[in-house]
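Participant: Okay, predicted coordinates and the sequence, questions at the end:
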Amino acid sequence: MKTGRRRKEAIAKVERDRLYLIQEACDLVKEASFAKFDESVDLAVRLGVNPKHADQMVRGATVLPHGIGKTVRVLVFAKGEKAIEAEAAGADHIGADELVAKVQEGWLDFDTVIATPDMMGQVGRLGRILGPRGLMPNPKVGTVTFDVTKAVQEVKAGKVEFRVERAGIVHAPVGKRSFESDKLRDNVKALVDALLRAKPASAKGQYLRSITLSSTMGPGISIDPASIEA
């Protein structure tokens, strides 16, 4: 694929074999992004785990202090008082059986799904639709809960879920190019802190193998893990 001039200039700004301090990386990711739109900024962390072993699965969620710069559309499966609570908390779509049927028909106009435990019997039927898209509610990340007010508010405030992939890598958004670099730094630290808290007891050796920050179109910037853990 042909590399455009602006991308070549962006790549030239990053020293390929250098480990940048976290603040340097957050400054540089803004400088090296070149698209005309407000690019997302993402973090990729390679962990010293083997996800094939159940006791080395890393999964969780954390609320980033400055959000991700995106309006998140929240769907809540709930009835009665819990549906009223979800509406008061700012959920975009609330319902029960009628919403399950709507999703089964192909409707997917939402970014996050929350469900009360009593709704999971019906929601479970949506596994083939929601599962591959990473939208299935799960108690481990707080999206199956009776405390729908807290769940909706956290998602709206910038909660991100993470799950290690088969290659041992976690990908997650940490903001937008338009963010001040200090805010990107705070979000990166919050996500890495959450990954450290989720470290499996069975994980041996170096846990944070590599950390890479990049914008949607920009080059990857390697971060020195020690500058985040400090």
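Facilitator: On my side now, so go ahead.
Participant: mind listing the helices in the protein by residue range?
Facilitator: For the chain, applying DSSP state H gives helices covering 5-12, 22-31, 80-89, 97-104, 120-123, 127-130, 148-157, 181-197, 225-229.
Participant: Tell me the buried residues in the fifth one?
Facilitator: When you say that, I think you mean helix 120-123. By neighbour count on 16 or more other CB atoms under 10 Å, the buried set for helix 120-123 is residue 123. For the C-beta atoms, the positions are set from N, CA and C on the backbone; glycine is no exception.
Participant: What's the mean pLDDT across that helix?
Facilitator: Across helix 120-123, the average pLDDT comes to 96.
Participant: low-scoring pLDDT stretches of the protein, where are they?
Facilitator: 1-3, 230 (pLDDT under 70).
Participant: Residue 12: how many residues sit nearby?
Facilitator: Neighbours of residue 12 under the rule other CB atoms under 10 Å: 10.
Participant: Same check on the one 4 residues further on?
Facilitator: Residue 16 is flanked by 9 other residues according to other CB under 10 Å.
Participant: Likewise for residue 150?
Facilitator: 13.
Participant: residue contacts, it?
Facilitator: Counting by CB atoms under 8 Å, 6 or more residues apart in numbering, residue 150 makes contact with residue 142.
Participant: Can you tell me the closest non-neighbouring residue to residue 66?
Facilitator: residue 183 (4.2 Å; CB to CB, 6 or more residues apart in numbering).
Participant: and that neighbour, how far is that from residue 82?
Facilitator: For residue 183, the distance to residue 82 equals 33 Å [CB to CB, to the nearest Å].
Participant: Between the two, which is the more surrounded one?
Facilitator: Comparing residue 183 with residue 82 by neighbour count (other CB under 10 Å), the higher total belongs to residue 82, at 23 against 19.
Participant: Relative to the whole chain's centre, how far out is stretch 83-100?
Facilitator: 23 Å (CA atoms, centre = their mean, to the nearest Å).
Participant: From one end of it to the other, what's the distance?
Facilitator: 14 Å (CA to CA, to the nearest Å).
Participant: Name the residues of it that come out as buried.
Facilitator: So for stretch 83-100, counting by 16+ other CB under 10 Å, buried means 83, 85-87, 89, 91-96, 99-100.
Participant: just curious, which of these is nearest to residue 189?
Facilitator: Residue 189 lies nearest to residue 89 out of those, by CB to CB, at 27.3 Å.
Participant: How about the contacts made by the residue nearest to residue 224 when sequence neighbours are not counted?
Facilitator: Closest residue to residue 224 apart from its sequence neighbours, by CB to CB, 6+ apart: residue 19 at 4.0 Å. Applying CB under 8 Å, 6+ apart, we find residue 19 in contact with 222, 223, 224.
Participant: Turn these into JSON lines, including distance to residue 112 and neighbour count.
Facilitator: Shown next, in JSON lines, are these (distance: CB to CB, whole Å; neighbours: other CB atoms under 10 Å):
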{"residue": "222", "distance to residue 112": "30", "neighbour count": "17"}
{"residue": "223", "distance to residue 112": "27", "neighbour count": "26"}
{"residue": "224", "distance to residue 112": "32", "neighbour count": "16"}
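Participant: quick revisit: now, which of the buried residues of stretch 83-100 sits nearest residue 35?
Facilitator: residue 92 (27.6 Å).
Participant: Distance of the closest residue to residue 160 other than its chain neighbours relative to residue 212?
Facilitator: Distance criterion CB to CB, 6+ apart; nearest residue to residue 160, sequence neighbours excluded, is residue 172 at 5.0 Å. Per CB to CB, residue 172 is found 12 Å from residue 212.
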